[in-house]
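>>> Next one to model:
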Amino acid sequence: MTPPERQLWKCLKAKSLGFVARRQFPVGPYFLDFYIASAGLCIEVDGAVHDLHSSRDRTRDEYLIQVGISTLRLTASDALERPAQCLALIADAVESRRNNPPPTA
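A predicted model of the protein is given here:
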């Protein structure tokens with residue numbers, strides 16, 4: 001794990017958050033940085049290299065949408081410098097996904 005991922009993982013593994021997060025979770029051909037199964041939410045911590053691979057990220061996100069998983073992307077600098085704000089974004093995304101689950105096929 002990268003330093004930003006480690007920082008975020010310290011926060012996510014707390015048992016008081018109301019959800020369970022897994023790290024390096026496999027889905028199809030991909031490994032998700034973090035995954036919250038109860039909300040069908042993938043959390044990705046993106047460094048500068050992701051700017052170079054945006055089409056690859058889009059393909060991956062499209063695949064995840066097809067299997068019912070949405071992606072929340074956080075910047076590496078935010079994960080390091082503003083972990084509390086990142087947790088608030090994650091909590092909001094979890095709540096939103098739980099209240100508005102994706103349609104099933």
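
>>> Quick check, central residue of the protein?
Nearest residue to the geometric centre of the chain (CA atoms, centre = their mean): residue 43, 0.6 Å.

>>> which residues touch the closest residue to that one other than its chain neighbours?
Spatially, and ignoring its direct neighbours in sequence, residue 43 is nearest to residue 34 (4.1 Å; CB to CB, 6 or more residues apart in numbering). All C-beta spots, glycine's among them, are computed from the backbone N, C-alpha and C. Residue 34 makes contact with 8-9, 12, 21-23, 25, 42-45 under the criterion CB atoms under 8 Å, 6 or more residues apart in numbering.

>>> Show me those that map onto strands.
Residues of those located in strands (DSSP state E): 22-23, 25, 42-45.

>>> Can you say which of the residues you listed are buried?
Among the ones in strands among the contacts of residue 34, those classed as buried by 16 or more other CB atoms under 10 Å are 23, 25, 42-45.

>>> Mind telling me the two of those residues farthest from one another?
Across these, the longest distance by CB to CB is 13.6 Å; it joins 25 and 45.

>>> Sweet, I'm off.
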